[in-house]
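Novice: The sequence and its predicted three-dimensional model are supplied below.
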Amino acid sequence: MEKDLRSQHWFGKTGKDGFIYRAWMKNQGTPSYEFEGKPVIGICNTWSEFTPCNGHFRELAEAVKKGIYEAGGLPLEFPVMSLGETLIKPTAMLYRNLASMDVEESIRANPMDGVVLLCGCDKTTPSLVMGACSVNIPTLVVSGGPMLPGRFNGKKIGTSDIWRFSEATRVGKMTQEQLLEAEASMCRSPGHCAVMGTASTMACMVESLGLSLPGNAAIPAADARRKTLAQLSGLRIVEMVRENLKPSDILVRKAFENSIRVNAAIGGSTNFVLHLLAVAGRVGVDLDLKDFDELSANIPLLANLQPSGEYFMEDLYYAGGLPAVMKELLPFLHKEALTVNGKTVEQNCANVECYDRSVVATTDAPFNDISGIVVLKGNICEEGAVLKPSAASPHLMKHTGRAVVFEDIEDYKNRIDDPDLDIDENSVMVLKNVGPRGYPGMPEVGNMGLPKKLLEKGVTDMVRISDGRMSGTGFGTVVLHVSPEAAAGANFSALQTGDLVTLDVAERRLEAQVSPEVFEERKRNRAKEVSRYDRGYVQLYINHVEQAHLGADFDFLKGSSGSEVTRDSH
Ligand code: FES
């Protein structure tokens with residue numbers, strides 16, 4: 001009997017209150033002894049048929065339950081808002097903070113002693129982790145796992161190929177029939193995107209932070225060992241409740257530093273920056289945009305995974321999974337950092353082996369010396385902007401070109417294939433008003449497609465700059481997350497077609513050759529924008545979302561409100 005459990009403030013009561021708390025639960029066939037001091041574990045489920053990457057989560061929840069029962073706990077599954085990347089309009093990022101509020105309030109309001117977060121598609125990981133951190137009861141993440149790679153025309157394919165197929169179709173190198181065939185060939189198993197896109201990056205983020213059992217990130221969704229890991233996670237969360245091991249014990253500054261270094265070594269998504277900053281904000285860890293650049297500066301790229309490399313998440317699993325990467329990276333990591341299994345990072349790596357050096361390289365012979373996230377500063381990104389060098393073209397890392405500015409995504413779509421558009425391969429494409437407030441919701445449009453007439457000439461990359469994001473599966477010399485965004489009225493809003501823009505990655509510089517006086521004058525003369533949104537969640541979002549360099553969380557969600565509920569309506 002464990003009487004000091006949080007859940008006992010409901011189920012341990014006598015009289016009318018206890019009657020009400022237990023009686024309705026019994027309509028699920030639960031015997032009385034289940035309420036007599038067993039740790040109650042919530043299973044926070046993002047299952048939804050609108051989120052196909054998480055479509056197998058009912059089965060996964062059953063495996064978690066087995067472990068919880070086995071350890072003497074009582075599992076209770078609950079749904080939260082599920083954010084499917086492919087269907088949600090205008091963009092799933094608009095709802096990350098809303099989902100995190102759903103998670104936070106659902107955990108706090110209910111009789112839970114610990115919680116298992118079932119995360120998969122991109123935003124379902126940060127939203128659940130952010131929400132749970134703001135409550136701070138024992139928490140463990142189980143990811144859904146990546147899909148098996150697709151197969152098309154004898155080749156393995158994944159999400160990164162969509163960009164190639166799309167451009168090949170636009171210039172007539174691929175027919176509509178072939179495109180349909182590719183579409184049917186790609187997502188052939190349960191799971192999230194099979195490459196090191198944002199979903200896999202997020203799964204690696206939680207594993208490197210110490211919030212999941214070792215090996216969680218890479219086991220394919222279709223592999224039986226995914227269910228084994230889920231069951232073991234159920235078993236472990238009950239122990240964590242007994243040990244009172246909470247996110248605040250694990251998520252200290254050192255854990256964040258480890259995660260940034262691991263993200264560099266795996267070639268993780270630029271979205272990692274936004275989500276890690278937001279998680280740090282919830283647990284009160286001081287993390288700055290410049291940390292991402294500084295901490296990853298000497299980390300080589302070890303994982304040869306698409307979009308920076310060649311292989312798929314399934315291959316990473318067979319090569320030894322994320323622990324194989326972390327073992328190789330140990331000299332750069334805080335080895336003593338604690339993880340959810342009660343062991344340190346070093347202990348978790350002790351018996352790990354790498355089985356395929358073409359997938360996980362050594363630090364002595366890395367897959368690429370260039371890794372991580374570069375943080376740029378300059379007069380059009382005073383608070384910063386990011387670029388992923390491993391996905392960029394070496395010849396464009398230092399480049400000056402004439403800006404071709406698109407005021408918003410509609411302007412881009414209307415003009416990009418206009419044969420009269422004054423643009424060449426040396427131009428710098430600029431897309432404004434796709435930031436957190438401007439769009440609103442910061443969509444993944446930063447790796448905008450190149451003009452058809454340049455694709456036809458064989459151009460494959462150009463410098464592109466925006467205040468938006470890029471899919472973790474995207475690539476190119478793409479400057480993202482310009483902060484402050486255009487909608488915040490900063491210099492970026494006053495950049496015009498014809499201005500000369502210099503990108504210098506080595507110097508960490510992104511500058512327009514425009515004087516401060518000219519920028520000020522242009523801003524004074526700009527017509528004031530009238531918001532299209534005057535009610536509901538979107539208005540709340542616009543009024544409270546922070547800029548990208550702070551993680552785009554809501555200003556009022558920073559920190560934690562704890563797990564205590566002091567008032568009682570019965
Ligand atoms: Fe869900 Fe890529 S669309 S992870």
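Specialist: Arrived safely.

Novice: Tell me the span between the first and last residue of stretch 80-96.
Specialist: This stretch, stretch 80-96, spans 12 Å end to end (C-alpha to C-alpha, to the nearest Å).

Novice: Just give the closest residue to residue 559, not the sequence neighbours.
Specialist: residue 284 (5.9 Å; C-beta to C-beta, 6 or more residues apart in numbering). Every residue, glycine included, has its C-beta placed from N, CA and C.

Novice: Could you do residue 185 as well?
Specialist: Sequence neighbours aside, residue 152 is the residue nearest to residue 185 in space, at 4.1 Å (criterion: C-beta to C-beta, 6+ apart).

Novice: Now the one you found, what are its backbone angles?
Specialist: phi -140, psi 130 (degrees, to the nearest 10).

Novice: Pairing-wise in the sheet, spell out the partners of it.
Specialist: Under DSSP bridges, the beta-bridge partners of residue 152 are residue 155.

Novice: Which residues of the chain lie near the ligand?
Specialist: 53, 85-86, 121-122, 159, 192-193, 197, 199 (C-beta under 6 Å from any ligand atom).

Novice: What is the burial count for the residue nearest to residue 185?
Specialist: 17 (other C-beta atoms under 10 Å).

Novice: Report the separation between it and the ligand.
Specialist: 17 Å (C-beta to the nearest ligand atom, to the nearest Å).

Novice: got the contact list for that residue?
Specialist: 161, 181-182, 185-186 (C-beta atoms under 8 Å, 6 or more residues apart in numbering).

Novice: quick one on the thing from earlier: are any of the residues of the chain next to the ligand buried, and if so which?
Specialist: Buried members of these, scored by 16 or more other C-beta atoms under 10 Å, are 53, 85, 121-122, 159, 192-193, 197, 199.

Novice: Output the residues you listed as TSV; include the columns pLDDT.
Specialist: TSV is the format used below for these (pLDDT from 0 to 100):
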residue	pLDDT
53	98
85	96
121	98
122	97
159	90
192	98
193	96
197	94
199	97
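
Novice: Smallest distance to the ligand belongs to which residue of the stretch 401-550 of the chain?
Specialist: The minimum distance from the stretch 401-550 of the chain to the ligand, using C-beta to the nearest ligand atom, falls at residue 473 (7.2 Å).

Novice: right, and that residue touches residue 157 too?
Specialist: No: contact criterion C-beta atoms under 8 Å: residue 473 and residue 157 do not qualify, at 11.4 Å.

Novice: Which one's more surrounded, these two?
Specialist: residue 473 (25 against 21).

Novice: so who does the more buried one touch?
Specialist: 158-160, 162-163, 193, 195, 197-198, 269, 306-307.

Novice: repeat that for 6 Å
Specialist: Going by C-beta atoms under 6 Å, 6 or more residues apart in numbering, residue 473 touches 159-160, 195, 197, 307.

Novice: Which ones among these map onto helices?
Specialist: Counted as lying in helices by DSSP state H, out of the contacts of residue 473, are residue 160.

Novice: and the contacts of residue 473 as JSON lines, adding distance to residue 220?
Specialist: JSON lines is the format used below for the contacts of residue 473 (distance: C-beta to C-beta, whole Å):
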{"residue": "159", "distance to residue 220": "15"}
{"residue": "160", "distance to residue 220": "17"}
{"residue": "195", "distance to residue 220": "13"}
{"residue": "197", "distance to residue 220": "15"}
{"residue": "307", "distance to residue 220": "19"}
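
Novice: Among the contacts of residue 473, which one lies nearest to residue 92?
Specialist: For the contacts of residue 473, the closest approach to residue 92 (C-beta to C-beta) belongs to residue 197, at 13.0 Å.

Novice: could you point out which element follows the longest helix along the chain?
Specialist: If you go by DSSP H, the chain has its longest helix at helix 224-243. Downstream of helix 224-243, the first helix or strand assigned by DSSP states H and E is helix 247-250.

Novice: where are the low-confidence patches of the chain?
Specialist: 1-3, 570 (pLDDT under 70).

Novice: Setting the sequence-adjacent residues aside, check what's closest to residue 99.
Specialist: residue 127 (3.7 Å).

Novice: What is the nearest of the contacts of residue 473 to residue 516?
Specialist: The closest of the contacts of residue 473, once distances to residue 516 are taken by C-beta to C-beta, is residue 307, at 37.4 Å.

Novice: Next, the distance between the ends of stretch 328-335.
Specialist: First residue to last in stretch 328-335 (C-alpha to C-alpha) measures 12 Å.

Novice: And the contacts of it?
Specialist: Residues contacting stretch 328-335 (C-beta under 6 Å, 6+ apart): 254, 258, 261, 265, 302, 345-346, 362-363.

Novice: Quick check: bridge partners of residue 43?
Specialist: Here residue 43, judged by DSSP bridges, has bridge partners residue 77, residue 116.

Novice: Does it touch residue 64 like I think?
Specialist: Yes: counting by C-beta atoms under 6 Å, residue 43 touches residue 64, with 5.5 Å between them.

Novice: tell me, what's touching these two both at once?
Specialist: residue 116.

Novice: where along the stretch 351-500 of the chain do the strands fall?
Specialist: 374-378, 381-387, 398-406, 428-431, 463-466, 478-483, 500-504 (DSSP state E, counting those that start in this stretch).

Novice: Over to the stretch 51-200 of the chain?
Specialist: 74-79, 114-119, 139-143, 150-152, 155-157.

Novice: Nearest to residue 11 among the ones you listed would be which one?
Specialist: strand 74-79 (8.9 Å).

Novice: which helices and strands does that closest one pack with?
Specialist: Secondary-structure packing of strand 74-79 (3 or more C-beta pairs under 6 Å, 6 or more residues apart in numbering; DSSP states H and E): strand 40-45, helix 57-70.

Novice: out of those, deepest packed?
Specialist: Most buried of the helices and strands packed on strand 74-79, by mean neighbour count (mean count of other C-beta atoms under 10 Å): strand 40-45, with a mean of 26.

Novice: Quick one: residues contacting whichever residue of the stretch 201-350 of the chain sits closest to the ligand.
Specialist: In the stretch 201-350 of the chain, no residue comes nearer to the ligand than residue 202, which is 8.8 Å away by C-beta to the nearest ligand atom. When contacts are counted by C-beta under 6 Å, 6+ apart, residue 202 touches residue 125.

Novice: That one - that's part of a helix, no?
Specialist: Yes: assessed by DSSP: H, G, I helix; E, B strand; the rest coil, residue 202 belongs to a helix.

Novice: and it, how far is that from residue 216?
Specialist: 11 Å (C-beta to C-beta, to the nearest Å).

Novice: Can you list the neighbours in contact with stretch 403-419?
Specialist: 421, 423, 427-434, 445, 448, 451-452, 495-497, 499, 501.

Novice: Now the buried members of these.
Specialist: By neighbour count, with 16+ other C-beta under 10 Å, those hold 423, 427-434, 445, 448, 451-452, 495, 499, 501 as buried.

Novice: Between those, which sits nearest residue 77?
Specialist: Minimum distance to residue 77 across these is 35.5 Å, recorded for residue 445 (C-beta to C-beta).

Novice: rewinding a little: of the contacts of stretch 328-335, which pair is most distant in space?
Specialist: Of all pairs in those, the most separated under C-beta to C-beta is 254 and 362 at 24.0 Å.

Novice: Looking at those two, which is more packed in?
Specialist: Using other C-beta under 10 Å, the more surrounded residue of residue 254 and residue 362 is residue 254, with 18 against 12.
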